[in-house]
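Student: no sequence for this one, just the structure:
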């Protein structure tokens with residue numbers, strides 16, 4: 001966080017849960033100088049900055065860590081230094097500015113030894129001064145603000161990337177990688193890049209693959225991994241390590257970790273998997289073990305919270321286009337043709353939304369976040385009837401979790417992960433449309449084709465965009481683990497990779513915001529109904545008009 005002031009200098013600080021951030025910026029001779037305070041670990045220390053023989057005084061306060069004072073200032077064109085002196089003038093931290101805590105293994109393991117990162121001595125490249133990240137490098141979560149708000153709230157996450165100091169010597173690391181839950185494009189790419197990154201960047205040679213998900217910790221022999229073995233894995237769909245749902249037994253998993261002397265665990269999976277990873281992390285802390293637990297969020301539905309998107313999502317959207325194209329071809333090739341395509345999306349309709357926007361052949365998109373009804377004014381049947389009259393065909397994309405309240409079920413059944421088994425909205429909707437046409441358009445030609453590409457779009461290899469994303473995701477995880485951070489998930493926030501507490505991600509869902517511009521585009525671009533009853537709709541219009549007039 002940089003604060004500019006001229007001619008005097010000001011310091012801004014933020015504090016939350018044993019983390020702090022501070023940086024200063026000042027102007028001298030009309031040229032802005034930025035000085036980054038890389039470690040804010042002593043209370044109330046006065047800082048003297050020297051630049052071109054001038055001294056600028058500032059004060060920094062409030063921190064919970066007591067590791068020592070080490071400030072570094074770097075300028076490309078001149079030597080700016082920072083030194084500390086003893087006066088104590090603490091600065092209060094604005095309550096609306098928070099830094100999300102990032103756990104470190106030193107929180108529960110004492111007397112850790114640190115090493116200079118092996119990347120410093122790379123034979124292939126020479127890191128420049130901007131390559132290394134520190135505790136003050138942050139990513140802001142909220143980049144869209146109302147400029148009329150005098151004190152917008154802001155949360156910062158620690159930025160992902162290489163640190164100059166690490167807590168593992170190369171020969172000390174015994175890493176394990178496990179994939180859990182359903183398939184997703186890019187899983188093999190993440191595995192490959194973790195192996196490549198550990199092996200070639202940090203000289204780690206002891207890397208194991210845990211087979212068949214969590215249960216593989218205690219039921220299967222680990223698979224030794226090396227670059228030669230995983231070299232072409234990114235070209236394959238699925239996971240070469242195998243996966244499964246369920247099988248989480250904390251005691252057995254911890255016993256396996258201790259028996260195999262593992263000290264870096266990379267867990268790839270969705271929200272249920274990450275919740276399991278949180279339990280492993282908490283048990284590791286309780287036992288005081290020097291073991292790093294890293295979560296890499298995986299869900300083709302893109303419903304993992306906090307991060308911009310999950311890997312494999314864009315590949316799934318891309319793969320869905322073939323199914324939508326086929327449904328459109330079938331529908332327009334016959335009088336009164338309707339194509340229904342069911343896409344993945346148990347709780348969130350992101351795939352359906354973005355597949356609809358990118359297809360341009362879809363007439364109506366149905367998602368779990370927006371209830372719909374079939375009969376009466378404003379209902380789906382009225383809309384389909386109107387589209388058939390105007391265009392002769394209609395294509396409907398429906399997320400698997402949409403319309404579950406319309407399907408009658410005699411019992412509720414859950415899968416091995418504890419997820420409620422959904423009714424098949426695609427089959428139900430297709431049958432309803434056929435019955436409706438038979439009851440209301442006797443003797444008229446009608447065709448309704450149903451396509452379910454669910455397992456086709458998740459079992460394919462990642463496309464170029466997701467492969468690149470998986471590469472950066474894996475390497476971000478590696479850098480954090482080697483630096484000693486633990487209990488985190490690596491992922492992008494506002495297009496910048498950062499480290500997010502695992503528990504926060506596990507308990508946060510990312511659903512389609514029906515008040516966002518994205519959903520408004522779906523409705524306006526395709527002119528689809530909002531499925532609001534007439535009386536409710538009229539009330540909303542009246543209320544909206546009054547609000548507009550009040551603002552005007």
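Tutor: Here it is on my side, so go on. All values derive from a computational prediction rather than experimental measurement.

Student: wait, what's in contact with residue 364?
Tutor: 380, 383, 384, 387, 394, 395, 396, 397, 526, 528, 529 (Cβ atoms under 8 Å, 6 or more residues apart in numbering). Every C-beta, even on glycine, is put in place using the N, C-alpha and C of the backbone.

Student: Nearest to residue 296 among these?
Tutor: Distance ranking of these against residue 296, using Cβ to Cβ, places residue 397 first at 29.0 Å.

Student: which of the contacts of residue 364 has the most neighbours?
Tutor: The residue in the contacts of residue 364 with the most neighbours, by other Cβ atoms under 10 Å, is residue 397 (31 neighbours).

Student: gap between that residue and residue 453?
Tutor: Using Cβ to Cβ, to the nearest Å, we find residue 397 at a distance of 11 Å from residue 453.

Student: Next, find the distance separating residue 145 from residue 152.
Tutor: Distance from residue 145 to residue 152, by Cβ to Cβ: 4 Å.

Student: ok, now which ones touch the residue lying farthest from the centre of the chain?
Tutor: The outermost residue of the chain, judged against the average C-alpha position, is residue 443 (51.6 Å), by Cα atoms, centre = their mean. Contacts of residue 443 were listed using Cβ under 8 Å, 6+ apart, and none were found.

Student: Now it: which helix or strand?
Tutor: Under DSSP states H and E, no helix or strand contains residue 443.

Student: Got the phi and psi for the nearest residue to residue 375 once chain neighbours are set aside?
Tutor: Among residues not flanking residue 375 along the chain, residue 381 sits closest, at 6.0 Å (Cβ to Cβ, 6 or more residues apart in numbering). With angles defined as degrees, to the nearest 10, residue 381 sits at phi -60, psi -40.

Student: Ramachandran angles for residue 323?
Tutor: phi -70, psi -40.

Student: Mind pulling up the pLDDT for it?
Tutor: Model confidence at residue 323, expressed as pLDDT, equals 96.

Student: Okay, it and residue 134: tell me how far apart.
Tutor: For residue 323 relative to residue 134 (Cβ to Cβ), the value is 47 Å.

Student: can you check residue 457 too?
Tutor: For residue 457 relative to residue 134 (Cβ to Cβ), the value is 41 Å.

Student: Mutual contacts of residue 397 and residue 453, please.
Tutor: Overlap of the contact sets of residue 397 and residue 453 (by Cβ under 8 Å, 6+ apart) consists of 341, 343.

Student: just to revisit the earlier point, out of residue 457 and residue 134, which sits in the more crowded spot?
Tutor: It is residue 457, of residue 457 and residue 134, that has more neighbours when counted by other Cβ under 10 Å, with 23 against 17.

Student: How about the contacts made by residue 457?
Tutor: Residue 457 neighbours (Cβ under 8 Å, 6+ apart): 300, 315, 316, 319, 320, 323, 343, 344, 351.

Student: what kind of secondary structure is the third one in?
Tutor: Taken by DSSP: H, G, I helix; E, B strand; the rest coil, the conformation at residue 316 corresponds to helix.

Student: burial count for it?
Tutor: For residue 316, using other Cβ under 10 Å, the count is 31.

Student: give the contact list for it.
Tutor: 184, 185, 300, 344, 351, 457, 458.

Student: Repeat the analysis, applying 7 Å as the threshold.
Tutor: By Cβ atoms under 7 Å, 6 or more residues apart in numbering, the contact set of residue 316 is 185, 300, 344, 351, 457, 458.

Student: and which of those is nearest to residue 201?
Tutor: Using Cβ to Cβ, the contacts of residue 316 come closest to residue 201 at residue 185, 24.8 Å.

Student: Could you pull out the buried residues of stretch 214-231?
Tutor: Using 16 or more other Cβ atoms under 10 Å as the test for burial, stretch 214-231 gives 214, 215, 216, 217, 218, 219, 220, 222, 223, 225, 230.

Student: And the average pLDDT for it is what?
Tutor: Averaging pLDDT along stretch 214-231 yields 97.

Student: Any idea how far apart the tips of it sit?
Tutor: Stretch 214-231 has an end-to-end distance of 24 Å (Cα to Cα, to the nearest Å).

Student: how much space between residue 448 and residue 356?
Tutor: 19 Å.

Student: Settle it for me: which of the two has more neighbours?
Tutor: Remark: of residue 448 and residue 356, residue 356 carries more neighbours, 30 against 23, as counted by other Cβ under 10 Å.

Student: From residue 215, how far out is that one?
Tutor: 38 Å.

Student: Now list whatever residues contact both of residue 145 and residue 152.
Tutor: Common contact partners of residue 145 and residue 152 (Cβ under 7 Å, 6+ apart): none.

Student: mind listing what's buried in stretch 348-363?
Tutor: Within stretch 348-363, the residues that count as buried by 16+ other Cβ under 10 Å are 348-357, 359, 361-363.

Student: and if you look at stretch 260-280?
Tutor: Counting neighbours by 16+ other Cβ under 10 Å, stretch 260-280 gives 262-278, 280 as buried.

Student: Please apply the same query to stretch 171-189.
Tutor: Going by neighbour count (16+ other Cβ under 10 Å), the buried part of stretch 171-189 is 173-189.

Student: Where helices are concerned, which of those residues count?
Tutor: 187, 188, 189 (DSSP state H).

Student: which one is the second one nearest to, not counting chain neighbours?
Tutor: When you say that, I think you mean residue 188. Nearest-residue entry for residue 188: residue 233, 4.0 Å, with adjacent residues in sequence omitted and distances by Cβ to Cβ, 6+ apart.
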